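Engineer: Sequence and predicted model, in that order:
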Amino acid sequence: MKRKTKLIHGGRPFDPHTGAVSVPIYQVSTYKQDDVGVHKGYEYSRTGNPTRDALEAYIADLEEGERGFAFSSGMAATHAVLSLLNAGDHLIVTDDVYGGTYRIVTKVLSRLGLEADFVDTTDTDEIENALRPNTKAIFVETPTNPLLKVTDLAAVSQLAKAKGLLLIVDNTFGTPYWQTPLTLGADIVLHSATKYLGGHSDVVAGLAVVADGQVGEKLHFVQNAVGAVLGPQDSWLVMRGLKTLGLRMEAHEENARAIVASLAVNPAVGRIYYPGLADHPQHELAKRQARGFGGMISFDVGSAEKAAEVIRRLNYFTLAESLGAVESLISVPARMTHASIPKERREQLGITDGLLRISVGIEDAEDLVADLEQALR
């Protein structure tokens, strides 16, 4: 089945009870039992809800995994997955990682005894050098946020399997339309479904997919025990968004190519971060590992003052947190999404005060290019 067809027919596209072609929103908290423990598969909606179940089956199918899980946010999904680890365990994390992931690892899970090192996972030697006897997992974000670095998932998977480690991949930027990490050897895939999967800036959600049923049982235990589950209304919104994911991702990328071509010849722009550029350090890997380069671009304009001036002059790029929606968004990572990372650490990574990150929408490409050009002038 081709990917666009799977987006329409994957998972459970029909309601088994009524035949409805849109899975109903089962707005219910509890379910009638015929006797103690005798029911129709559902007891309580924290444990399972038909609408959420449909989404979980859907994302598992799209990511080619064994079992899917839906959470109340991307960070709730990340927290649940990292809760599979124990106090005293060591975790290796991509250095250029989303600020929320950095925050939960360093400010929350560290208090519970989880140890972590942040390394450049584009270099497998750096990962290997960071290994400790108590290392239990590798957490990779690829492409990264906001510097769009690409990690070789097959190579890291080989290392993880040799050492008996879990490989966890945040696939938010890639989406299952462009990239399926489980087929490259990952054990768990994560998504902030708030972004491309929902795609319309109208839902906050997180998803996880596992390759192994036993890992799935452990993750379901955490999901049910902690209870940060996605509600039926939001589950339905994510499913609706997913049906057009292929069309949107192709439109995002087409627009991104036009914008990158314009930025590349603009004297006001310094370094551009986009895997689709031939001079991107992991361009060939990105071509081999994924089916597309995506709609995220970062570029440097030199200073915080210049960044602020560009933002003030824009008409079609909305200054806002988040990404992956139909409208084009712009942000200053150092002051917004990555503000929780210490300034010294940001500067080491290259997240400068003049770095702008744009999430390219599906507007007319000519309008977006002209808007950026006039703002940069």
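Structural biologist: Sure thing, it's come through.
Engineer: Of all the helix elements in this protein, which one is longest?
Structural biologist: helix 245-264 (DSSP state H).
Engineer: outside of that one, which residues touch it?
Structural biologist: With C-beta atoms under 8 Å, 6 or more residues apart in numbering as the contact definition, helix 245-264 has outside contacts at 3-4, 7, 175-178, 196-197, 199, 269, 272, 274, 276-277, 292-297, 299, 326, 358, 360-363, 365-366, 368-369, 372-373. Every C-beta, even on glycine, is put in place using the N, C-alpha and C of the backbone.
Engineer: strand partners of the helix or strand that it is followed by, parallel vs antiparallel please.
Structural biologist: In the C-terminal direction, the helix or strand that comes right after helix 245-264 (DSSP states H and E) is strand 272-273. Taking DSSP bridges as the criterion, strand 272-273 sits next to strand 296-300 (antiparallel) in its sheet.
Engineer: Extract the CA atoms of the helix or strand hosting T5 and return them as CSV.
Structural biologist: With elements taken from DSSP H and E, the one containing T5 is helix 3-9. In CSV, the C-alpha atoms belonging to helix 3-9 read as follows (Å, rounded to 0.1, in the frame of the first residue of the first chain):
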residue,chain,number,x,y,z
ARG,A,3,1.8,6.0,1.7
LYS,A,4,-1.0,8.3,0.7
THR,A,5,-3.4,5.4,0.5
LYS,A,6,-2.3,4.2,3.9
LEU,A,7,-3.0,7.6,5.3
ILE,A,8,-6.6,7.1,4.3
HIS,A,9,-7.1,3.4,4.8
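Engineer: Can you give me the buried ones in that helix?
Structural biologist: When burial is assessed from 16 or more other C-beta atoms under 10 Å, helix 3-9 yields the following buried residues: R3, K6, L7.
Engineer: dump the residue contacts of the first one.
Structural biologist: In other words, R3. The contact partners of R3, taken as C-beta under 8 Å, 6+ apart, are Y177, G246, R291.
Engineer: out of the contacts of helix 245-264, which are inside helices?
Structural biologist: When helices are assigned by DSSP H, the members of the contacts of helix 245-264 inside them are 3-4, 7, 175-178, 365-366, 368-369, 372-373.
Engineer: May I see the residues you listed arranged in JSON lines, with pLDDT and distance to R52 as well?
Structural biologist: What follows is the ones in helices among the contacts of helix 245-264, written out as JSON lines (pLDDT from 0 to 100; distance: C-beta to C-beta, whole Å):
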{"residue": "R3", "pLDDT": "94", "distance to R52": "23"}
{"residue": "K4", "pLDDT": "95", "distance to R52": "24"}
{"residue": "L7", "pLDDT": "96", "distance to R52": "19"}
{"residue": "T175", "pLDDT": "98", "distance to R52": "20"}
{"residue": "P176", "pLDDT": "98", "distance to R52": "18"}
{"residue": "Y177", "pLDDT": "98", "distance to R52": "22"}
{"residue": "W178", "pLDDT": "98", "distance to R52": "25"}
{"residue": "A365", "pLDDT": "98", "distance to R52": "37"}
{"residue": "E366", "pLDDT": "98", "distance to R52": "41"}
{"residue": "L368", "pLDDT": "98", "distance to R52": "36"}
{"residue": "V369", "pLDDT": "98", "distance to R52": "40"}
{"residue": "L372", "pLDDT": "98", "distance to R52": "40"}
{"residue": "E373", "pLDDT": "98", "distance to R52": "45"}
